[in-house]
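In: Sharing a model prediction with you, sequence too.
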Amino acid sequence: MAEVGYNVAILGATGAVGTRLIQQLEQSNVPVKSIKLLASTRSAGKTLQFKQKDIVVEATTPESFDGIDLVLASGGGSVSKKFAPEAVKRGAVVVDNSSFWRMNDQVPLVVPEVNEDALYQHHGIIANPNCSTIQMVVALAPIKQQFGLKRVIVSTYQAASGAGQTAWQELMTQSQAYINGEEMTADILPVKGDKQHYPLAFNLLPQIDVFEDYGYTHEEWKMIHETKKIMFGDKNTKAIKVTATAVRVPVPIGHGETVYFETESGTQATAAGIQKALATADGVVLQDDPAHQVYPQPINAEGKRETFVGRVRPDVENDDSFHMWVVSDNLLKGAAWNTVQIAERLVALNLVRVPKDASALFPTEA
């Protein structure tokens with residue numbers, strides 16, 4: 001029997017996540033028959049490598065997806081809005097890393113360690129969750145399974161690279177200016193399109209994305225609704241209470257999160273029991289030995305696919321409630337690796353196929 005292979009396209013191939021998508025796909029067990037690297041017209045003509053072969057980056061058009069089986073997309077929301085339906089129309093399954101499709105009721109929002117079964121309901125597009133949500137639900141999933149979950153309160157410490165390569169570079173430039181005693185300039189953070197910009201170097205910015213209802217940022221609302229959709233199948237469920245505060249910190253790569261959670265009463269949850277559940281969970285590495293100052297750190301998580309958890313401890317003032325500290329590489333598990341991991345599961349489950357109803361659900365632009 002001939003070996004199955006897939007024609008794969010990477011959309012947004014030249015970005016920080018796109019280049020990591022290429023690397024993660026190289027190391028994956030997805031059988032790639034051909035690879036097409038797509039980007040904007042500005043990046044077209046650049047040469048990147050896939051498995052030591054030079055591949056010329058092409059400008060993205062609807063016809064770019066002719067003959068493609070699988071698209072791994074990280075080109076931003078407007079790009080995915082325009083081109084994901086075009087790819088589906090031509091018979092390709094799209095795993096999209098932008099925020100555009102995440103809250104669409106026809107699109108599964110998937111973290112393989114948490115809700116792989118949702119892949120069976122795909123109609124041609126699968127959404128990759130927000131980076132900060134991914135690492136949190138990976139850590140919470142084994143706790144929910146064994147002890148239940150009633151409430152989650154998360155505060156994030158998110159790296160500059162979560163805002164893109166330009167924000168990352170601006171942090172480096174500002175840091176050098178600060179060290180040199182020079183004035184720091186800011187043109188990107190907290191939000192490039194917002195009115196004011198502030199330096200991130202040697203600073204903290206309690207704003208990620210624009211402000212919305214009740215004084216929450218869009219990033220904070222994403223964490224709330226995505227967590228509910230992934231873990232309970234309903235973005236508006238009342239089965240769990242979730243709230244978030246998202247902060248940008250002067251770290252290049254690797255998000256940290258303090259996660260406070262309340263388990264179901266009567267499950268007899270203990271810190272030791274939670275540590276045991278985490279120690280055997282898929283995708284989790286437990287680093288929790290306070291006596292020897294062992295705990296997760298972004299600098300050590302960089303370049304790794306796992307989610308690292310430590311500082312598990314009870315809330316001594318409230319029964320059934322606990323704290324933990326969660327760290328992961330936001331460009332890998334938070335983006336590129338989770339995307340490729342979804343592709344691996346689609347292949348393994350024989351789900352790289354577009355259902356007949358897809359074109360009606362995701363009409364292309366006129």
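Out: Looks like it arrived, so ask away. Residues are numbered from 1 along each chain as shown.
In: Give me the phi and psi angles of the residue nearest to Gly164 when sequence neighbours are not counted.
Out: Nearest-residue entry for Gly164: Ala16, 6.5 Å, with adjacent residues in sequence omitted and distances by CB to CB, 6 or more residues apart in numbering. Backbone N, C-alpha and C define where each C-beta goes, glycine included. Main-chain dihedrals, Ala16, degrees, to the nearest 10: phi -60, psi -40.
In: contacting residues for Ala16?
Out: Ser161, Gly164, Gln165, Trp168, Leu331 (CB atoms under 8 Å, 6 or more residues apart in numbering).
In: Verify the stated contact: the third one with Gly15.
Out: Yes. Judged on CB atoms under 8 Å, Gln165 makes contact with Gly15 at a distance of 6.6 Å.
In: what about the strands in the stretch 101-250 of the chain?
Out: For the stretch 101-250 of the chain, the strands defined by DSSP state E, counting those that start in this stretch occupy 125-127, 151-158, 241-248.
In: And the helix or strand following the last one, what does it pack against?
Out: Per DSSP states H and E, strand 241-248 leads on to strand 255-262 as the next helix or strand towards the C-terminus. Secondary structure elements in contact with strand 255-262, counted by 3 or more CB pairs under 8 Å, 6 or more residues apart in numbering; DSSP states H and E, are helix 131-147, strand 151-158, strand 321-328.
In: Can you list the strands that strand 255-262 pairs with?
Out: Using DSSP bridges, strand 255-262 pairs in its sheet with strand 151-158 (antiparallel), strand 321-328 (antiparallel).
In: sec struct for Pro363, please.
Out: coil (DSSP: H, G, I helix; E, B strand; the rest coil).
In: who touches it in this structure?
Out: Applying CB under 8 Å, 6+ apart, one finds that Pro363 lies in contact with Pro85.
In: Please identify the buried residues of stretch 39-59?
Out: Residues Ala39, Ser43, Leu48, Phe50, Ile55, Val57, Glu58 are the ones in stretch 39-59 that count as buried (16 or more other CB atoms under 10 Å).
In: Pick the one among those closest to Asn203.
Out: Ranked by distance to Asn203 (CB to CB), the buried residues of stretch 39-59 are led by Ser43 at 31.0 Å.
In: Tell me the secondary structure at the closest one.
Out: Under three-state DSSP, Ser43 comes out as coil.
In: Tell me if I'm right that it and Glu58 touch.
Out: No. Using CB under 8 Å, Ser43 is not in contact with Glu58, being 9.4 Å away.
In: hey, where'd the helices end up in the stretch 151-300 of the chain?
Out: Using DSSP state H, counting those that start in this stretch, the helices of the stretch 151-300 of the chain run over 165-179, 218-232, 271-279, 298-301.
In: residues near the nearest residue to His122 once chain neighbours are set aside, how many?
Out: Nearest residue to His122, sequence neighbours excluded (CB to CB, 6+ apart): Pro108, at 5.3 Å. For Pro108, the count of nearby residues is 23 (other CB atoms under 10 Å).
In: Which pLDDT does the model give Pro108?
Out: For Pro108, the pLDDT comes out at 98.
In: can you check the one 5 residues further on too?
Out: Per-residue confidence (pLDDT) for Glu113: 98.
In: Does it touch Ala141 like I think?
Out: Yes. Using CB under 8 Å, Glu113 makes contact with Ala141 at a distance of 6.2 Å.
In: so how far is Met172 from Ala360?
Out: 47 Å (CB to CB, to the nearest Å).
In: what about those two, which has more around it?
Out: Remark: of Ala360 and Met172, Met172 carries more neighbours, 12 against 9, as counted by other CB under 10 Å.
In: now the helix or strand of the chain with the lowest mean pLDDT, how far from the centre of its chain.
Out: For the chain, using mean pLDDT, DSSP states H and E, the weakest element among its helices and strands is helix 358-361, scoring a mean of 88. Taking the mean of its C-alpha atoms, helix 358-361 sits 25 Å from the chain's own mean (CA atoms, centre = their mean, to the nearest Å).
In: What lies in contact with that helix?
Out: Pro85, Val88, Lys89, Gln106, His123, Gly124.
In: picking up where we left off before, and the furthest pair within the buried residues of stretch 39-59?
Out: Ser43 and Phe50 (15.7 Å).
In: Looking at the buried residues of stretch 39-59, spot the one nearest Arg102.
Out: Using CB to CB, Ala39 is the member of these that lies nearest Arg102, at 22.2 Å.
In: So what sits opposite that closest one in the bridge?
Out: According to DSSP bridges, beta-bridge pairing links Ala39 with Ala59.
In: Assess the claim that it and Thr14 are in contact.
Out: Yes. The pair Ala39 / Thr14 is scored as a contact, 4.7 Å apart, by CB under 8 Å.
In: returning to what we had before: now the strands paired with strand 255-262 in JSON lines, with mean pLDDT?
Out: As requested, the strands paired with strand 255-262 are exported to JSON lines (pLDDT from 0 to 100):
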{"stretch": "strand 151-158", "mean pLDDT": "98"}
{"stretch": "strand 321-328", "mean pLDDT": "98"}
